[in-house]
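Q: need coordinates for the below:
(4 chains)
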4 protein chains.
Amino acid sequence: MQKIQFQCDYNEGCAPEIIQRLVETNLEQNIGYGEDPHCEHARELIRKACDTPEADVHFLVGGTQANATIISSILRPYQGAIAATTGHIAVHETGAIEHSGHKVLTLPAINGKITAQQIGQCLFEHYHEDGPEHTVQPGMVYISYPTEYGTLYSKQELTDIHNVCQEHEIPLFIDGARMGYGLASKESDITLPELAKLADVFYIGGTKQGTLFGEAVVITNPALKKDFRYYIKQGGGMLAKGRLLGIQYEELMQNNLYLTLARHADEQAERIREALTQKGYEMAVPSPTNQQFFILPNCHLKKLEEKFVVSVWGHADTDHTIVRFCTSWATKKDNVDKLIEEIKKL
Amino acid sequence: MQKIQFQCDYNEGCAPEIIQRLVETNLEQNIGYGEDPHCEHARELIRKACDTPEADVHFLVGGTQANATIISSILRPYQGAIAATTGHIAVHETGAIEHSGHKVLTLPAINGKITAQQIGQCLFEHYHEDGPEHTVQPGMVYISYPTEYGTLYSKQELTDIHNVCQEHEIPLFIDGARMGYGLASKESDITLPELAKLADVFYIGGTKQGTLFGEAVVITNPALKKDFRYYIKQGGGMLAKGRLLGIQYEELMQNNLYLTLARHADEQAERIREALTQKGYEMAVPSPTNQQFFILPNCHLKKLEEKFVVSVWGHADTDHTIVRFCTSWATKKDNVDKLIEEIKKL
Amino acid sequence: MQKIQFQCDYNEGCAPEIIQRLVETNLEQNIGYGEDPHCEHARELIRKACDTPEADVHFLVGGTQANATIISSILRPYQGAIAATTGHIAVHETGAIEHSGHKVLTLPAINGKITAQQIGQCLFEHYHEDGPEHTVQPGMVYISYPTEYGTLYSKQELTDIHNVCQEHEIPLFIDGARMGYGLASKESDITLPELAKLADVFYIGGTKQGTLFGEAVVITNPALKKDFRYYIKQGGGMLAKGRLLGIQYEELMQNNLYLTLARHADEQAERIREALTQKGYEMAVPSPTNQQFFILPNCHLKKLEEKFVVSVWGHADTDHTIVRFCTSWATKKDNVDKLIEEIKKL
Amino acid sequence: MQKIQFQCDYNEGCAPEIIQRLVETNLEQNIGYGEDPHCEHARELIRKACDTPEADVHFLVGGTQANATIISSILRPYQGAIAATTGHIAVHETGAIEHSGHKVLTLPAINGKITAQQIGQCLFEHYHEDGPEHTVQPGMVYISYPTEYGTLYSKQELTDIHNVCQEHEIPLFIDGARMGYGLASKESDITLPELAKLADVFYIGGTKQGTLFGEAVVITNPALKKDFRYYIKQGGGMLAKGRLLGIQYEELMQNNLYLTLARHADEQAERIREALTQKGYEMAVPSPTNQQFFILPNCHLKKLEEKFVVSVWGHADTDHTIVRFCTSWATKKDNVDKLIEEIKKL
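A: Numbers count the residues shown, from 1 in each chain, chains lettered A, B, ... in the order given. This next block holds a predicted model:
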């Protein structure tokens, strides 16, 4: 019997509405490279959802590609991107940012988050060095919403980060690979249009949120729009059949599908969190989104792993493991029931 | 009424068998990043089709990405890739190869092809320079099968190129974005296993040959296998839902689907070629595959463009245009009928 | 007996005035990295000589480094530099430009020169492509004064190139590794201030013109000045003891030393040219500067090589070689006498 | 009156013997690019001093250039260099390593040093990750001898680091910008030949140790020798008048000049250390070489700065500053006397 998988949010294909639409449009003839009517329509829907009528919208295939392409388009060769030590670009992209020539300037993170104060300090120190040209110049800020640990910045925290960026005239880029799971969270106090106003560029993740693949990059800062398609093409991100991205985002952005799918995942995660908390396990990170991090005795983990696949996130001590439970748009309520049942038995 | 499109081979989605299979497997749970059973099975089918039981097989999303990743994995920083002046990496990838630090060392091409003799000469000259370290060292050879102009290398020509590469200990990489259209051509005198023996690395293109997207990279030279997944990830090419590539290639490589789809495209191209030839138009390039290049009077082109979309490839003189007619696995016989009818009327 | 060397213009150390000054200042204490009073003074002298009171002046160690640093500071990642096929950056720098991520977009050259018309055509074609983002965008023009073949652009030719760059809003960069030999030539119709007005950035070469090493980069276009020291440092070009560059350029730019040294080299080259012409040898390139290219029968070359070192530039046919005779600021009149004597005997 | 400078070890020109020799050889004719007899002779002297008869020796102009060139020659694109968080490549080179595409993988340092145990742990963790290809692979180790803080690895510590590198088959690179100051230190327990056996590649710094400029790279590991001159040229480090490096190293490596100059600097540093210690100031780092780091009350620093230039290295608290006093081969005993006198008065 195949184990039930809770180890990540990209175990399944895509939302049924989306694959259905891909089937229906399969033999349509469309021009390539994202210039077809589906892409145009999807862009329009995204601009509307973000309340950014002037934004440029581009579709890329995956997150690492989106991050590297965006960062490459912003920075000059001697500049780096400020990020949390735990940021995706700092640890999980095989040095894709460095491969494009840029240092990731890491700041210590608490539960995956960095603060406006830290960013301000980092910029202050650079420009008050004796010979700043001997060190990498901070050229932008990269954060994720939610973070790698599922945590959320509050509207105030984002506003503060936005302000410190404005003050130093560097752009703020928000990685939204799991943005829906953040926006749909009960603990989120920000809307997509509000977030769009605070970022210079961000993306609305599809891969982990209901599409087969795809990240919709939204550029609100006019200074960052120029020639972006060149960057996409050069970075290998210009899908020949760009329609595939347009069609998927058309569906995702209609009928509130994006947030509906996300809310489902967050609710299932909440159920798991409650079950684990009631059982007395310690939370490793207080995440209000689809990823839950708990500290489990190794023997309990072993037991769980007989029927479920989860992620090992680290080792708390020799007898305890930090475990990630991950839900998604596709998580079956039924499977969560089974997991909870098993947790109760531990 | 929408015009019928003959301008490229990626106007439609994918072969019905393939999308059907994507629907069936949509809610399966699979691990990510190409390590799922579908990918494993597809790799096995490809190894069998190539008669290369020891080869490594990796799936990438698109051609520019595949080219940049493979070339990046082969060359040292001071080396360049020998290619035709008309090669895809030399002209149509926004400098993706240069972006990864490498010069494309171009050789003049005839109908998109370069020769073993030219390659040998280029290598000879480099090593007989006074101070070879002042110029880029040729570190590999890049060719396409078929070429950008739809033409084919004969088995002898490929063997000669293979031999000159062996002699100078540099790898031969064959870009097979349209490989099926080459292998299925009446004028091809080589099989996939034969080609696999002559190349150190190549790929079997999916995007233009029946899948939604995807290129299957086959590495036969053991020296080129090491750590290839790092390159894929760093280059932004590691699809989270790698299963999508596995599932598509499983279908493509079964029941001879790959060559069947390709043969259809070649046959339709042949019909168009005959119609144009009979009408007395001059062939710009003698292509035996799915791309046909003809010189048309501008007024005739304009007439055709009322009902069809074709590609303008260049200007023969002030009154004549070089036009590309492109068929694919998806080209409807019926639409070719209509095109031929219209050609006859010109 | 050591042979007399005419193969290049960097066989000796530096002008006696310069080494003398290095000795005198050897134990002075100075701050590093080009921020000392000698560098400041040298900058002032250069601004005066160029009649560009607002220009930024930076000192780099060598030509390849200067070219790569300047080009890297101008281009965005998807842009390339237009250059002659024979340009130094296109052939003699081991792909340093590509290493920094940029394609060199070559135009066929006549005697090392390209034209405004060619540049305009190249830019026109790029922007009139269907999908310009699939190819590298021309982002600047690189030429040398004099060219690799010792030839000179006229003031009109430079003005035309300047104008086409202005029209397309791309900068013009003039590599002046041998600039003095050009300006001092009898056939030059341009002055340093005039040249400075036509270029956005250029450098006044020292290495080949009387210093131990060093190239003085002059940035006249304000848009190119920002953070240039970061580029120098990152590119490994920020000399710890920057004073060495300052002191050398202080001497070079005083008392008309730069042009005096250059004129000497040009005059000696002229004497060699006359001797060869009188003897009936064919000029390969009509160079009015310190490099002379002649076609010699192989047996005559062999004879000359018994006493002199010259450069073999290519093979005219099986019996004839293209030979470069190179003079410099250091060439002894006496040695030229000996060479001419030997030529007469051939 | 000019202040006396103790802020760094590159305030003056070069050792009198060296500039004298540059004067004597100034008008010699030599071939370029490091292939002249002076370079050959200097290489021979270095091989002898290191007891590495088979080593390749190359001369580069500066430290950042040497580091970037060497690291670029060792790593594959997906690999990074392990280094101390305080390592020169990690902080003071404007991201030159990242510019060449590689991440610097930093380990927390104690007084500038990292341990074999830390390195082993870092490698262990990488290869025991789930999906190592999602992170940068450690491909080499970079340390400095002495470190940025003037501290020294013991022979045992270097041997341990050497062993852990051997075990994991990655090279050890020792940055020796100040190597002489380390070897000449009373606390050093290692000789140049011993160090040469433990490193795969290292350099013997000239810039900070008596030459005008120059770093002599010694490659002992045969696997790292191939085509190194291509890297130098591509990186802009191939000096046209390479003789300048050869001549300087000929002098430096003769008559024990290298260590004699270094010992002088260390002795003067020791005198300063004693004066500061006797006065009761706290040492910030226990350095036995030419750099001394002490914590001074701000008011005392201000007083000292009336007559001397020193380096501010950081702020201990609001009232205290970390100050670097730096001596060199050129430091006059007399000036140290004056400094000590002033310290006593504080």
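
Q: now the residue in the stretch 1-150 of chain A that chain B sits nearest to: how far from B:Y231?
A: For the stretch 1-150 of chain A, the residue positioned closest to chain B under C-beta to the nearest C-beta is A:Q65, at a distance of 3.2 Å. Bear in mind the C-beta positions are built from the backbone N, C-alpha and C, glycine included. Taking C-beta to C-beta, to the nearest Å as the criterion, A:Q65 is separated from B:Y231 by 14 Å.

Q: those two: which is more packed in?
A: Between A:Q65 and B:Y231, counted using other C-beta atoms under 10 Å in any protein chain shown, the more crowded position is B:Y231 (27 against 24).

Q: which SSE is that one in?
A: Under DSSP states H and E, the secondary-structure element containing B:Y231 is helix B:228-234.

Q: chain C contacts on chain A?
A: A:33, A:72-73, A:76-78, A:100-101, A:131, A:133-134, A:137, A:227, A:229-234, A:238 (C-beta under 8 Å from any C-beta of the partner chain).

Q: please repeat the previous calculation with a cut-off of 6 Å.
A: A:S72, A:P77, A:Y78, A:E133, A:H134, A:R229, A:Y230, A:K233, A:Q234 (C-beta under 6 Å from any C-beta of the partner chain).

Q: just the buried residues of those.
A: Buried by 16 or more other C-beta atoms under 10 Å in any protein chain shown: A:S72, A:P77, A:Y78, A:E133, A:H134, A:R229, A:Y230, A:K233, A:Q234, out of these.

Q: okay, and the most centrally placed residue in chain A sits in which element?
A: In chain A, the C-alpha closest to the average C-alpha coordinate belongs to A:A177, at a distance of 2.2 Å (C-alpha atoms, centre = their mean). Using DSSP H and E, A:A177 is not contained in any helix or strand.

Q: the strands in the stretch 151-300 of chain A, which residues?
A: Assigned strands in the stretch 151-300 of chain A, in chain order: A:172-175, A:201-205, A:215-219, A:282-285, A:291-297 (criterion: DSSP state E, counting those that start in this stretch).

Q: near chain B, which residues of chain A?
A: Residues of chain A that fall close to chain B, judged by C-beta under 6 Å from any C-beta: A:5, A:10-13, A:19, A:23, A:26-27, A:29, A:32, A:61, A:64-65, A:68, A:94, A:96, A:99, A:207, A:212, A:230, A:233-234, A:236, A:240-241, A:244.

Q: are any of these buried, and if so which?
A: For these, burial is judged from neighbour counts taken by 16+ other C-beta under 10 Å, and it is met by A:5, A:10-13, A:19, A:26, A:29, A:32, A:61, A:64-65, A:68, A:94, A:96, A:99, A:207, A:212, A:230, A:233-234, A:236, A:240-241, A:244.

Q: which of the helices and strands in chain A ranks last by mean pLDDT?
A: Comparing helices and strands within chain A by mean pLDDT, DSSP states H and E singles out strand A:311-317 as the least confident, with a mean of 93.

Q: buried residues in that strand?
A: Going by neighbour count (16+ other C-beta under 10 Å), the buried part of strand A:311-317 is A:S311, A:W313, A:A316.

Q: partner strands of it, with direction?
A: Take DSSP bridges as the rule and strand A:311-317 pairs in its sheet with strand A:320-326 (antiparallel).

Q: state the mean pLDDT of the strand it pairs with.
A: For strand A:320-326, mean pLDDT is 97.

Q: before we move on, what about stretch A:10-27?
A: For stretch A:10-27, mean pLDDT rounds to 98.

Q: stretch A:276-285 too?
A: 97.

Q: quick one: that stretch to chain centroid distance?
A: Distance of stretch A:276-285 from the chain centroid (C-alpha atoms, centre = their mean, to the nearest Å) equals 25 Å.

Q: tell me, which of the residues of chain A next to chain C make contact with chain D?
A: Among those, the ones lying close to chain D by the criterion of C-beta under 6 Å from any C-beta are A:Y78, A:H134.

Q: for the stretch 101-250 of chain A, which residue gets nearest to chain B?
A: Here the residue of the stretch 101-250 of chain A nearest chain B is A:G236; by C-beta to the nearest C-beta that distance is 3.2 Å.

Q: give me the pLDDT value at that residue.
A: A:G236 is assigned 96 on the pLDDT scale.

Q: pLDDT score for the nearest residue to it once chain neighbours are set aside?
A: For A:G236, the nearest residue in space outside its immediate sequence neighbours is B:Q65; the separation is 3.2 Å by C-beta to C-beta, 6 or more residues apart in numbering or on different chains. At B:Q65, the model reports a pLDDT of 97.

Q: so B:Q65 lies in a helix, does it not?
A: Yes. With DSSP: H, G, I helix; E, B strand; the rest coil as the criterion, B:Q65 is assigned to a helix.

Q: pretty sure A:I161 contacts A:A116?
A: Yes. Using C-beta atoms under 6 Å, A:I161 and A:A116 qualify as a contacting pair, with a distance of 4.7 Å.

Q: okay, the two: which has more neighbours?
A: Neighbours were counted for A:I161 and for A:A116 using other C-beta under 10 Å; A:I161 has more, 26 against 19.

Q: how much space separates the more buried one from chain D?
A: Taking C-beta to the nearest C-beta, to the nearest Å as the measure, A:I161 and chain D are separated by 23 Å.

Q: list the contacts for that residue?
A: A:A116 (C-beta atoms under 6 Å, 6 or more residues apart in numbering or on different chains).

Q: and what of A:G206?
A: Counting by C-beta under 6 Å, 6+ apart, the residues that A:G206 touches are A:G214.

Q: likewise A:P53?
A: With contacts defined as C-beta under 6 Å, 6+ apart, the neighbours of A:P53 are A:R47.

Q: for chain A, longest helix please?
A: The residue-count maximum for a helix in chain A (DSSP state H) belongs to helix A:257-278.

Q: which helices and strands sit right next to that helix?
A: Under the contact criterion of 3 or more C-beta pairs under 6 Å, 6 or more residues apart in numbering or on different chains; DSSP states H and E, helix A:257-278 touches helix A:179-183, strand A:291-297, helix A:333-345.

Q: what about the second one, average pLDDT?
A: Mean pLDDT, strand A:291-297: 98.

Q: and it, how far out from the chain middle?
A: In this view, strand A:291-297 has its centroid 20 Å away from the chain centroid, taken as C-alpha atoms, centre = their mean.

Q: try the first one
A: For helix A:179-183, the distance from its own C-alpha centre to the chain's C-alpha centre is 8 Å (C-alpha atoms, centre = their mean).

Q: residues near the closest residue to A:L172 other than its chain neighbours, how many?
A: Counting by C-beta to C-beta, 6+ apart, A:C165 is the residue found nearest to A:L172 once chain neighbours are left out, at 4.4 Å. The number of residues packed around A:C165, counting by other C-beta under 10 Å, is 23.

Q: and if you look at A:P222?
A: By the criterion of other C-beta under 10 Å, A:P222 has 11 neighbours.

Q: how close does it get to A:A55?
A: Taken as C-beta to C-beta, the span from A:P222 to A:A55 is 9 Å.

Q: try A:P16
A: Plainly put, A:P16 is 29 Å away from A:A55 if you go by C-beta to C-beta.

Q: tell me where the model's unsure across chain A.
A: Across chain A, the ranges flagged by pLDDT under 70 are A:1.

Q: quick one, phi/psi of the residue of it most remote from its centre?
A: When distances are taken from the C-alpha mean of chain A, A:D130 lies farthest, 37.1 Å away, according to C-alpha atoms, centre = their mean. Dihedral angles phi and psi of A:D130 (degrees, to the nearest 10) take the values phi -90, psi 110.

Q: do the same with A:A84
A: Here the main-chain torsion angles of A:A84 (degrees, to the nearest 10) amount to phi -70, psi 150.

Q: that one touches A:I114, doesn't it?
A: Yes. Under the criterion of C-beta under 6 Å, A:A84 is in contact with A:I114, at a separation of 4.8 Å.

Q: one step back: give me the contacts around the longest helix of chain A.
A: Contacts of helix A:257-278 with the rest of the structure, by C-beta under 6 Å, 6+ apart, involve A:180-181, A:184-185, A:210, A:252, A:289-290, A:292, A:294, A:325, A:327-329, A:331, A:336, A:340, A:343.
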